[in-house]
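>>> Structure of the sequence below:
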Amino acid sequence: MSQSVIRIGIIGAGAIGAVHAQTFAKVEGAEVAAITDVYLPLAEQRAQEHNITTVHESPQSLLEDSSIDAVIIGVPNKFHADLAIEAFKQGKHVLLEKPMAINSEIARTIVEAAEQSGKVLMMSHQMRWTGLSRAVKARIDSGDVGRIYNAKTGWLRKKGIPGWGSWFTRKDQSGGGPLIDIGVHMIDLSLYLMGNPKPVSVFGTTYSEFGPKREGIGNWGTPNWEGYYDVEDLASALIKLDNGATLSLDVSWAAHAAGLSEDPFIHLMGTEGGVSVVGNSGTYVTHKEGEVVLSDIAPLEGEEDRILMGGHFVSCIREGKQPITSGLSGYTTNRILDAIYESSRTGNEVKLNWD
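Got it, this is the predicted structure:
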């Protein structure tokens, strides 16, 4: 592909759509050229705020716009698949917000549509692009950690239920609660740092103790008091991987979690050393001469995470290469999420077949 500007359309003018509009305005070689939303006045407002020239009256209209090269899909989870598949039919590249879909069966149809179209499908997992995540990955790649055989990850919010009663808390629209909302980030980043092993079995449990009582409500999203809450507010799981390693996960929107940080965390335990990431702080640990030695991991410098992610999307389009957050990464995470929900429902371990 020539080095002409990649013209991008945004589907979904809500909070995340606004973040993408602001980000891609700073991405070299990209132009946010169009936007749409089911609530047109919001799309018009975003267009004005971010100097976007075209507001389409519907997603279909935007997808049929031959001047648009790629789309960013930032709408409720339920609608990801239909829009992504139609985008590929219309010859567009797709940057898709997480999770890929409300379940893995639907996620698979997105991957297949992308493969048939030959267009780029990239998941929007900005946590891989932070300066700290990149520094940790470099440390792992250097051999300082060795073989990672155990990891613990999670994100335990004490009072953070988003948009009570809105699509966030309705399983048929979101697919689930904190597990599919923020757990998806922690699973994705952990597997990436561990070298992308495949999950082979899962045991998990979910709980809903706050949302049904309208407690634990946070500041994200707009509540709909005429709506309802039928998702979990805490999930815990153990994931076994095909290389023998294990990954444990704990996530919540609301919990009486005294003494535990509300920052996202990953603790990686390897044969040569270990890495802990808690919020914006990173630590490396190893043994030297019989003593435990700790040292800080400084974040790598460079552009902010979302700008780097946007730049990667543009370069993948230009060069026809597979993104590091490919469709397979999104599908793999969806398989794990499904397995945790199924394990919680049945009380049994769920084994994953990859044939």
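
>>> Strands of the stretch 1-150 of the chain, start to end?
6-11, 30-36, 54-55, 70-73, 93-97, 121-124, 148-156 (DSSP state E, counting those that start in this stretch).

>>> ok, and what's touching the first one?
Think strand 6-11. Contacts of strand 6-11 with the rest of the structure, by C-beta atoms under 8 Å, 6 or more residues apart in numbering, involve 17, 20-21, 24, 29-37, 46, 52, 56, 59, 62-63, 65, 67-75, 83, 92, 314, 317-318. Every C-beta, even on glycine, is put in place using the N, C-alpha and C of the backbone.

>>> now the strands of the stretch 1-150 of the chain as a markdown table including distance to N348?
Below are the strands of the stretch 1-150 of the chain laid out as a markdown table (distance: least, C-beta to C-beta, whole Å):
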| stretch | distance to N348 |
| --- | --- |
| strand 6-11 | 39 |
| strand 30-36 | 44 |
| strand 54-55 | 50 |
| strand 70-73 | 34 |
| strand 93-97 | 31 |
| strand 121-124 | 29 |
| strand 148-156 | 23 |
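
>>> Make a ChimeraX selection of the buried ones in the contacts of strand 6-11.
Of the contacts of strand 6-11, the buried ones can be selected in ChimeraX as follows, counting by 16 or more other C-beta atoms under 10 Å:
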select :17,20,21,24,30,31,32,33,34,35,36,37,46,52,56,59,62,63,65,68,69,70,71,72,73,74,75,83,92,314,317
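
>>> which residues does the nearest residue to I68 once chain neighbours are set aside form a beta bridge with?
Nearest residue to I68 in three dimensions, chain neighbours excluded: G9, at 4.4 Å (C-beta to C-beta, 6 or more residues apart in numbering). Note on G9: beta-bridge partners by DSSP bridges are A34, V71.

>>> What number of residues are in the vicinity of G9?
26 (other C-beta atoms under 10 Å).

>>> The one 3 residues further on now?
Residues within reach of G12, counting by other C-beta under 10 Å, total 26.

>>> and what of the one 10 residues further on?
Counted with other C-beta under 10 Å, the burial measure for Q22 works out to 15 neighbours.

>>> any chance of the strands of the stretch 1-150 of the chain in JSON lines, plus mean pLDDT?
Putting the strands of the stretch 1-150 of the chain into JSON lines (pLDDT from 0 to 100) gives the following:
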{"stretch": "strand 6-11", "mean pLDDT": "98"}
{"stretch": "strand 30-36", "mean pLDDT": "98"}
{"stretch": "strand 54-55", "mean pLDDT": "98"}
{"stretch": "strand 70-73", "mean pLDDT": "98"}
{"stretch": "strand 93-97", "mean pLDDT": "98"}
{"stretch": "strand 121-124", "mean pLDDT": "98"}
{"stretch": "strand 148-156", "mean pLDDT": "98"}
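
>>> For S201, which of these is the nearest?
Nearest to S201 among the strands of the stretch 1-150 of the chain is strand 148-156; the distance by C-beta to C-beta comes to 15.3 Å.

>>> Please identify the buried residues of the closest one?
Those buried within strand 148-156 under the rule 16+ other C-beta under 10 Å are 148, 151-156.

>>> Residues contacting the helix or strand of the chain with the lowest mean pLDDT, please?
The weakest-scoring helix or strand in the chain, judged by mean pLDDT, DSSP states H and E, is helix 171-174 (a mean of 94). Residues outside helix 171-174 that contact it (C-beta under 8 Å, 6+ apart): 76-78, 102, 167-168, 180-181, 230-231.
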